[in-house]
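> fold the following for me, if possible:
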Amino acid sequence: MKFDQAIDGKRVLRFANGLQMRTLDIKVGLCLFTITIILIVISLNVGVTDVGVYEFLHMLFGHSLEHHQSYALWVVRIPHILLGLMVGWCAALAGAILQPIARNPLADPGLFGISQGSMTMIIILLAFVPAAPKMLIVLAALAGGLTVALFLTLLVGNNRASGLAILLMGIATSSVLGSISSFLLLYLPTELSLNLAGWMEGSLFQASWSVIASFMPLFLLSIIGILLIGPALNRYELGNELALSLGEPVKYSRPMLMVFSVLLSTASVAAVGPLSFLGILAPHLANFVSSATGRARLFLSALVGGNLVVAADIMTKAAPAGVFLPIGLSFTLIGVPLFILTMRLRALRKR
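Reported below is the predicted structural model:
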């Protein structure tokens, strides 16, 4: 979406009045939800143990399974699916929020250095406390993400920087933090360094109910906040000047939206590592299939993000035995061709 494009009167009224869920948006949402169900069914059936949807339904209705089947479903596959969906929702929503408030369609927590800030802080924590509890890891990720966001906010000043300038400052910050992370990994114990290196590529191998429990508070807090302040995104998509003219308190709502974006991003990073490109891809795919705005755009972006992560996890689990395929790499193999195809089709549509 171009945030600096000319705005006609009908579009202004639509944004101002909050008429966000059109029939097309609902139809697209139902299609994406159907894809989610299909991916869940496939994911339940993919793995080393011979167990799948039939056994899951059998267990759901109170029937007992063999120990290895119950373990494969309840301890491995179901946490993988749930965490993958929630992480996808978080990363996609973080990008969908950042793009209008940063006035840049390529805005993403990864490019802005927010994900890298969370990751660097987690590495520093584990360097001193290797057995740190999961909740402390989440708090460290939150501290790192908020620090980078505050740093960028101070650099930007009173909204004088353009969207491109903000993006370039974020990329520079991310590069510096990435170098610091790489330096720290060189001096960590070998086993911890290898585990962190795999996590830095994005990994669901650590998915468990305890990880989901530590992830849930930030997730729920962010979702509630977005539901409350989400309508402000409608006006930000029109630009700062029109948002102000429509009565949007930019001075207060922009920092709040930034905080919720950081909460979503840091929760995702703490759970599975950085999935940076997802924050760019999911909102663009959602906009391509429906041209949704406001809450509808957030809802569709979240569905797309969750589907992409579950699809990447299926690819990871289907890899040959002995092959370590991080979910970040699987997602890149799926996401980059999709992004190129989307941009190409959008260019053809405008001709």
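
> just the helices in the stretch 251-351 of the chain please.
Under the criterion DSSP state H, counting those that start in this stretch, the stretch 251-351 of the chain contains helices at 278-290, 294-317, 327-350.

> okay, those in JSON lines with distance to residue 110, mean neighbour count and mean pLDDT next?
All C-beta atoms are positioned from the backbone trio N, CA, C, and that covers glycine. Output for the helices of the stretch 251-351 of the chain, formatted as JSON lines (distance: least, Cβ to Cβ, whole Å; neighbours: other Cβ atoms under 10 Å; pLDDT from 0 to 100):
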{"stretch": "helix 278-290", "distance to residue 110": "6", "mean neighbour count": "25", "mean pLDDT": "88"}
{"stretch": "helix 294-317", "distance to residue 110": "13", "mean neighbour count": "25", "mean pLDDT": "89"}
{"stretch": "helix 327-350", "distance to residue 110": "11", "mean neighbour count": "15", "mean pLDDT": "82"}
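
> mind putting the ones you listed into CSV with distance to residue 176?
Output for those, formatted as CSV (distance: least, Cβ to Cβ, whole Å):
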stretch, distance to residue 176
helix 278-290, 20
helix 294-317, 27
helix 327-350, 21
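
> closest to residue 185 out of those helices?
Ranking those by distance to residue 185, with Cβ to Cβ as the measure, places helix 327-350 first at 16.2 Å.

> any idea how far the closest one is from the chain center?
Here helix 327-350 is found 16 Å from its chain centre; the criterion is Cα atoms, centre = their mean, to the nearest Å.

> okay, the angle between it and helix 278-290?
40 degrees (axes from the mean of the first three to the mean of the last three Cα atoms, to 10 degrees).

> is it true that residue 92 touches residue 285?
No - counting by Cβ atoms under 8 Å, residue 92 does not reach residue 285; the two are 9.2 Å apart.

> mind listing the shared neighbours of those two?
301, 304 (Cβ atoms under 8 Å, 6 or more residues apart in numbering).

> count of neighbours near residue 132?
Burial of residue 132 is recorded as 14 neighbouring residues (other Cβ atoms under 10 Å).

> could you look up the SS state of it?
Reducing the assignment at residue 132 to three states with DSSP: H, G, I helix; E, B strand; the rest coil gives coil.

> how many residues are close by the closest residue to it other than its chain neighbours?
The shortest distance from residue 132 to any residue that is not its chain neighbour, by Cβ to Cβ, 6 or more residues apart in numbering, is 5.5 Å, and that residue is residue 125. Taking other Cβ under 10 Å as the neighbour definition, residue 125 ends up with a count of 18.

> many thanks, I have nothing further to ask.
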